[in-house]
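> Let's see this in three dimensions:
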Amino acid sequence: MIEILVGLEVTNDQQYTQYREAMTPILHSTGGSFGYDFKISEVLKSLTKNKINRVFTINFPSEEKMDSFFSDQKYLAIKEKFFVNAVASTTIISTYSRT
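Okay, here's the model as predicted:
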């Protein structure tokens, strides 16, 4: 299993929620899922200049399934419609394999 720890600066909660609702069926169709999900108000230490107010994990059964999800045309259309205007920055904190 591949897990990615992601930090975002969400600037439009309503639009980000619409993004999550629209993309989740595609995520599930590839065997992917969200693990943890946090809204945070304070970052005490960071290795990036990006602001972070949302942290979550996203999981995939394999690297191939992950690549398939992120290159899916339906997903990309949803990302363009909702994510682009709802999120100011994305920080990939870590990507790792879980057993």
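> C-alpha only now, for contacts and for neighbours.
OK.
> so residue 21 sits in a helix?
Yes. Assessed by DSSP: H, G, I helix; E, B strand; the rest coil, residue 21 belongs to a helix.
> distance of it from residue 77?
From residue 21 across to residue 77, the span is 14 Å (CA to CA, to the nearest Å).
> what's the answer for residue 25, then?
For residue 25, the distance to residue 77 - CA to CA - is 14 Å.
> try residue 39
25 Å.
> Spell out the residue ranges of the strands in the chain.
Using DSSP state E, the strands of the chain run over 2-10, 33-39, 54-60, 87-97.
> Adding mean pLDDT and mean neighbour count, write those out as a markdown table.
Output for the strands of the chain, formatted as a markdown table (pLDDT from 0 to 100; neighbours: other CA atoms under 10 Å):
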| stretch | mean pLDDT | mean neighbour count |
| --- | --- | --- |
| strand 2-10 | 98 | 20 |
| strand 33-39 | 98 | 14 |
| strand 54-60 | 98 | 19 |
| strand 87-97 | 97 | 14 |
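> In CSV: those, plus distance to residue 69.
Output for the strands of the chain, formatted as CSV (distance: least, CA to CA, whole Å):
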stretch, distance to residue 69
strand 2-10, 13
strand 33-39, 11
strand 54-60, 9
strand 87-97, 16
